[in-house]
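Q: coords please:
(chains A and B)
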There are 2 protein chains.
Amino acid sequence: MLISSSTLLTFAQNIFLAIGCSQEHAKLAADVLLKADLRGIDSHGVARLSGYVRLWEKQRINATPNIRIVHETATTATVDGDAGLGLIVAPFAMRIAIEKAEKYGSGWVAVRNSNHFGIAGYHALMAVEKDMIGYALTNASPLVAPTFSNERMLGTNPICYAFPAGKYPPVIVDMATSAAANGKLEIAQRKGIDVPEGWIQDKQGNAVVDPHSLKSGGSLLPLGSDREHGSHKGFGLGSIVDILSGVLSGAAYGPWVPPFVAFLEPSANPPGQGIGHFVGAMRVDGFRPAQDFKDNLDNWIERFKSAEQINPDQKVIIPGEPELEAEIDRAQNGIPLVDAVVKDLNELAGRFGVEKLR
Amino acid sequence: MLISSSTLLTFAQNIFLAIGCSQEHAKLAADVLLKADLRGIDSHGVARLSGYVRLWEKQRINATPNIRIVHETATTATVDGDAGLGLIVAPFAMRIAIEKAEKYGSGWVAVRNSNHFGIAGYHALMAVEKDMIGYALTNASPLVAPTFSNERMLGTNPICYAFPAGKYPPVIVDMATSAAANGKLEIAQRKGIDVPEGWIQDKQGNAVVDPHSLKSGGSLLPLGSDREHGSHKGFGLGSIVDILSGVLSGAAYGPWVPPFVAFLEPSANPPGQGIGHFVGAMRVDGFRPAQDFKDNLDNWIERFKSAEQINPDQKVIIPGEPELEAEIDRAQNGIPLVDAVVKDLNELAGRFGVEKLR
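A: Alright, predicted model coming up:
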């Protein structure tokens, strides 16, 4: 089923209003969710809406948070999200980073006591609109085992950098630090197909290909998959994200990060509060004139696009390109939703007296 | 052959003096090189000394550079290294980043017109000594092909973050963004053994295991090895490093980065000058009291060290731990050098009238 993004945006906004969010927050949260659907990252879009609502029902998401700065220097700050939706807490933090960058060249904000913030790319792109380089990280519910371990210790902990180009769209690297994102596992589980070796291991730490192993104590593997192919690097990257998002901000970290799903209880005595993020912005013209940077990034893009091809039908893909193609297509033609998601959303609509999707 | 670090330090310092470096620069450059040997990263230590000298002979390294800031805001700067040794240009840039962080909370410096800077960890650790988080990146001679390409477009472009802990040593992630570092290929070439599938491809882009394929037009693969296992993420990480180090600073980037070896000529019309770096420092107490951060990072380390083990004999390794173990061992027992390196160093000593190693 194809649904227009404006219809879905209004729908999501109405649900956020129904749980008590302000007009402004409901609009922003819906916008962040829809950006994921538009960009083809279906696992982070409206398919998650009922998950946010269930966490709100469990009082683990606060619909009327008092988001505030709790520690600050000229170019750094820590924000307490007051258990609000990450979808609004992260943009709040990013606005502070951008304001600091406007004044001092750069701004960096660690966030604690937040929740799932949607796609990292949304937040990083806020900086790009101001001719800044955007940076966004978040820790997440533990699913990934470090090299040599069979215990879930890290989330898929994404790293995102976004860079403004000139005549081309921004270069956006937005990636989970695991070999495969959890969304890909969920798709394989639904389809009942095996996943490639190197994505997951079972409870004992054996390499397996059955995606359901994850539900019986298995874990995702870090980027690199095994020691020989650099899984310690993927583990290192996930650690960077966890330390900046959690240890630096005062959020929970490692295995203590609260689960995103309402049916799993958070740890009893976490060493910090909620999920943590880390966002930043640097003015491009803090380093060289913005136009020089953009011209050179255009040149970088052109050179990489024209790199020699192994297969004549497959060019090199610039980071961010597939998501942009999805965005252009879906903005025009609508967002495809699978039946299970439509059913889930219409159940929500029924409960909250919101107009259903067709 | 085991040689004490102080003997090797004096030796390297004397060579740098002999090519015309100032006392201060010679001492610093030798210190950066020796740190690699101490930490067990043999590919980046004194084994490279004759390579730096050959580049100086070709007038591609300037022994008396006028390193200067060419662009600046309160917390950002661009440094022109005047074709100096990266071993001294990068610490110059890092000192600026640290000064800015002392005043404003954070500092970020892009560097152009530099050369190979040794191990990234040296520079990032300068910040850790001041209770700051250190960041160091550099682009490098093209060896790595993007996903879907068989052309060498990126260096092994390392990423390093270093975090100060309390009672434990710092957590240091210092990693090439390729599946395997070039040093590992060189070892396999010397030993005449195959490398694991997923490290390299031949000139046509076929997966191969013969490490000599690299010398006949082959390329290293990005972290993740192939598309299915996330090589586009390794490519994305290498791109981040290249854009921050090269495009932002005005250095060369992508396939135009000058080769580190003197027998390969640099590109005729590069879009920037020399090799580029990007370094940064953030005060931990810009986010929370430094002791709180360190206590929590100690807790993070302990929790990860005690993660469930797949093999009872193999604990989880904290990023930076193996290098620290090497440093403790080698500071006490000396640095092992293979015969070829000793011979190479003694030839240098002969040419420059420096006392030979035994």
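Q: Distance check, residue A:207 against residue A:194.
A: 12 Å (CB to CB, to the nearest Å). Quick note: C-beta positions are derived from backbone N, CA and C, even for glycine.
Q: hmm, stretch A:111-126 touching chain B?
A: No: residues of stretch A:111-126 contacting chain B under CB under 8 Å from any CB of the partner chain: none, with a closest distance of 9.0 Å.
Q: how far out from the middle of the chain is that stretch?
A: Stretch A:111-126 sits 6 Å away from the centroid of its parent chain (CA atoms, centre = their mean, to the nearest Å).
Q: Ok, stretch A:89-106 next?
A: The chain centre lies 19 Å from the centre of stretch A:89-106; the measure is CA atoms, centre = their mean.
Q: repeat for stretch A:113-130
A: With CA atoms, centre = their mean, you get 8 Å for stretch A:113-130.
Q: So for that stretch, mean pLDDT?
A: Across stretch A:113-130, the average pLDDT comes to 98.
Q: What distance separates the opening and closing residues of that stretch?
A: Its first and final residues considered, stretch A:113-130 spans 27 Å by CA to CA, to the nearest Å.
Q: how about it: buried residues?
A: Going by neighbour count (16 or more other CB atoms under 10 Å in any protein chain shown), the buried part of stretch A:113-130 is A:113-128.
Q: and if you look at stretch A:322-338?
A: Within stretch A:322-338, the residues scored as buried using 16+ other CB under 10 Å are A:323-324, A:326-327, A:330, A:334-335, A:337.
Q: So which of those sit within strands?
A: Among the buried residues of stretch A:322-338, the subset assigned to strands under DSSP state E consists of residue A:335.
Q: Among the buried residues of stretch A:322-338, which are located in helices?
A: Among the buried residues of stretch A:322-338, DSSP state H puts A:323-324, A:326-327, A:330 in helices.
Q: could you dump those to CSV with distance to residue A:250?
A: CSV is the format used below for these (distance: CB to CB, whole Å):
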residue, distance to residue A:250
A:323, 32
A:324, 36
A:326, 36
A:327, 35
A:330, 38
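Q: Just send those residues back as CSV, with pLDDT and distance to chain B too.
A: Shown next, in CSV, are these (pLDDT from 0 to 100; distance: CB to the nearest CB, whole Å):
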residue, pLDDT, distance to chain B
A:323, 96, 12
A:324, 96, 15
A:326, 97, 15
A:327, 97, 18
A:330, 98, 21
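Q: from the middle of its chain, how far away would the longest helix that chain A contains be?
A: Using DSSP H, we find that the single longest helix of chain A is helix A:86-104. Averaging C-alpha positions (CA atoms, centre = their mean) puts helix A:86-104 16 Å from its chain's average.
Q: so what secondary structure elements neighbour it?
A: With contacts taken as 3 or more CB pairs under 8 Å, 6 or more residues apart in numbering or on different chains; DSSP states H and E, helix A:86-104 sits against helix A:23-38, strand A:76-80, strand A:106-114, helix A:120-128, strand A:132-138, strand A:275-283.
Q: Specify the angle between the fourth one and strand A:106-114 in degrees.
A: Translated: helix A:120-128. Between helix A:120-128 and strand A:106-114, the angle comes out at 150 degrees (axes from the mean of the first three to the mean of the last three CA atoms, to 10 degrees).
Q: Repeat that for the last one.
A: Between the direction of strand A:275-283 and that of strand A:106-114, the angle (the same axes, to 10 degrees) works out to 170 degrees.
Q: Mind listing the strands strand A:275-283 pairs with, and their directions?
A: Its sheet considered, strand A:275-283 pairs with strand A:106-114 (antiparallel), strand A:132-138 (antiparallel) by DSSP bridges.
Q: Helices along chain A, start to end?
A: Per DSSP H, chain A carries helices over the ranges A:5-18, A:23-38, A:49-57, A:86-104, A:120-128, A:182-191, A:231-242, A:290-305, A:321-333, A:339-352.
Q: Looking at these, which one is packed in the most?
A: A comparison of the helices of chain A by mean neighbour count, using mean count of other CB atoms under 10 Å in any protein chain shown, puts helix A:231-242 on top with a mean of 28.
Q: ok, back up a step: ok, which pair from the buried residues of stretch A:113-130 is furthest apart?
A: A:113 and A:128 (26.9 Å; CB to CB).
Q: Out of the helices and strands packed on helix A:86-104, flag the one nearest residue B:215.
A: Judged by CB to CB, the one of these that comes nearest to residue B:215 is strand A:132-138, at 36.7 Å.
Q: what angle do that closest one and helix A:86-104 make?
A: The directions of strand A:132-138 and helix A:86-104 differ by 140 degrees, with the same axes, to 10 degrees as the criterion.
Q: and strand A:132-138, C-alpha only, in PDB?
A: Extracted C-alpha coordinates of strand A:132-138, given in PDB (Å, rounded to 0.1, in the frame of the first residue of the first chain):
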ATOM      1  CA  MET A 132      28.100  23.100   8.700                       C
ATOM      2  CA  ILE A 133      29.400  19.600   9.000                       C
ATOM      3  CA  GLY A 134      26.900  17.600  11.100                       C
ATOM      4  CA  TYR A 135      27.700  14.700  13.500                       C
ATOM      5  CA  ALA A 136      25.200  12.500  15.300                       C
ATOM      6  CA  LEU A 137      25.700   9.300  17.300                       C
ATOM      7  CA  THR A 138      23.400   7.300  19.700                       C
END
